[in-house]
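Undergrad: Show me the folded form of this:
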Amino acid sequence: MAASDRQQVQERRYTFPYHYIPTCEEGDFSLTRTWRWGYEYLSYLRFVIGKIESQPFRSLLDVGCGDGRLLVELRARFPDRTLVGIDRSEAAIHFAQAFCPDVEWVCADFCGPLAMPQQFDVVTAVETLEHIPPESLAAFVEGLHRSLLPDGRLIVTVPTPNVPVPRKHYQHFTADSLQRALKPYFVMQDIAYLNRNARAVRGIEWLICNRMFALQSRRLLNTLFRLYEKRYLPASPSDAKRICVVLTHGRMEQPQ
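TA: Numbering: from 1, shown residues only. Model prediction:
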């Protein structure tokens, strides 16, 4: 194998910093790092990607991109599109740049009037609005409006009051409160309730990962994930953990 070919093999392994997986801290050795509700995260991320794929677009801005997982997935599907991620966390942006250097990453406060001067066909805010202080939410929504082309689409996901508000969140949203927050600038075209809060889901979660083991059987993992996506990703207003909405520009009104 030529040296350049060997280098490419190594480069392909750097989609994730695997050297950081094994640890030995204070005498405790571990070969795994697990994310207890990772199946839930991936299910709604895939749902959002499906919504994006149904929209014709040449450019997309992900607001509150974090470490960039959504744009990493989109880059693999759309190598010729303009993809930009913005987040105020320097650490998150550094991770995103390392994982996907051919996406444009911006570290800035999105509420600033000059943070993102260009406009995009699609703007996403996935699990972002709950991190915005209520007194800053109007300015944030105005920024979303400013960043979206007149015929573009805004895709938003937020957690609902069916799950407790953790310390890192300011609030969770119902469909009505989300619509009120976005109404000055956007009209809701589609709404989906996601991630059913059910006892059976906790059983799936325990099988995938618990204090005794992390499931390694690929066949069983695939079966459980497909089961979850089919039966428990769709939800209703009374049991949904989150909402996903697709919006368009609305008639400009002065808030009452």
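Undergrad: how close does residue 57 get to residue 154?
TA: 12 Å (CB to CB, to the nearest Å). To be clear about C-beta, it is placed using only N, CA and C from the backbone, and glycine gets the same treatment.
Undergrad: residues shared between the contacts of the two?
TA: Common contact partners of residue 57 and residue 154 (CB atoms under 8 Å, 6 or more residues apart in numbering): residue 122.
Undergrad: Please say which of the two ends up with more neighbours.
TA: Shown here are residue 57 and residue 154; by other CB atoms under 10 Å, residue 154 has more neighbours (27 against 16).
Undergrad: Look up phi and psi at the more buried one.
TA: As for residue 154, its main-chain torsions (degrees, to the nearest 10) stand at phi -110, psi 130.
Undergrad: Name the nearest residue to it, ignoring sequence neighbours.
TA: Among residues not flanking residue 154 along the chain, residue 247 sits closest, at 4.4 Å (CB to CB, 6 or more residues apart in numbering).
Undergrad: Shouldn't that neighbour be within a strand?
TA: Yes - under DSSP: H, G, I helix; E, B strand; the rest coil, residue 247 falls within a strand.
Undergrad: Any idea how many residues pack against it?
TA: Using other CB under 10 Å, residue 247 has 25 other residues around it.
Undergrad: does it really touch residue 187, like I thought?
TA: Yes - with contact defined as CB atoms under 8 Å, residue 247 counts as touching residue 187 (6.2 Å).
Undergrad: the helices in the stretch 51-200 of the chain, which residues?
TA: Under the criterion DSSP state H, counting those that start in this stretch, the stretch 51-200 of the chain carries helices at the ranges 69-77, 90-99, 134-147, 175-182, 199-208.
Undergrad: out of these, which comes closest to residue 32?
TA: The closest of the helices of the stretch 51-200 of the chain to residue 32 is helix 199-208. By CB to CB, the value is 12.2 Å.
Undergrad: For the closest one, buried residues please.
TA: For helix 199-208, burial by neighbour count (16 or more other CB atoms under 10 Å) applies to 201, 204-205, 208.
Undergrad: same thing with stretch 53-73?
TA: Neighbour counts using 16+ other CB under 10 Å place 57, 59-73 of stretch 53-73 among the buried residues.
Undergrad: got it, and stretch 86-96?
TA: Residues of stretch 86-96 classed as buried by neighbour count (16+ other CB under 10 Å): 86-88, 92-93, 95-96.
Undergrad: And for stretch 141-158?
TA: Residues 141, 143-145, 147-149, 152-158 are the ones in stretch 141-158 that count as buried (16+ other CB under 10 Å).
Undergrad: Need the helices of the stretch 51-200 of the chain in TSV (columns: mean pLDDT).
TA: Shown next, in TSV, are the helices of the stretch 51-200 of the chain (pLDDT from 0 to 100):
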stretch	mean pLDDT
helix 69-77	96
helix 90-99	95
helix 134-147	94
helix 175-182	96
helix 199-208	93
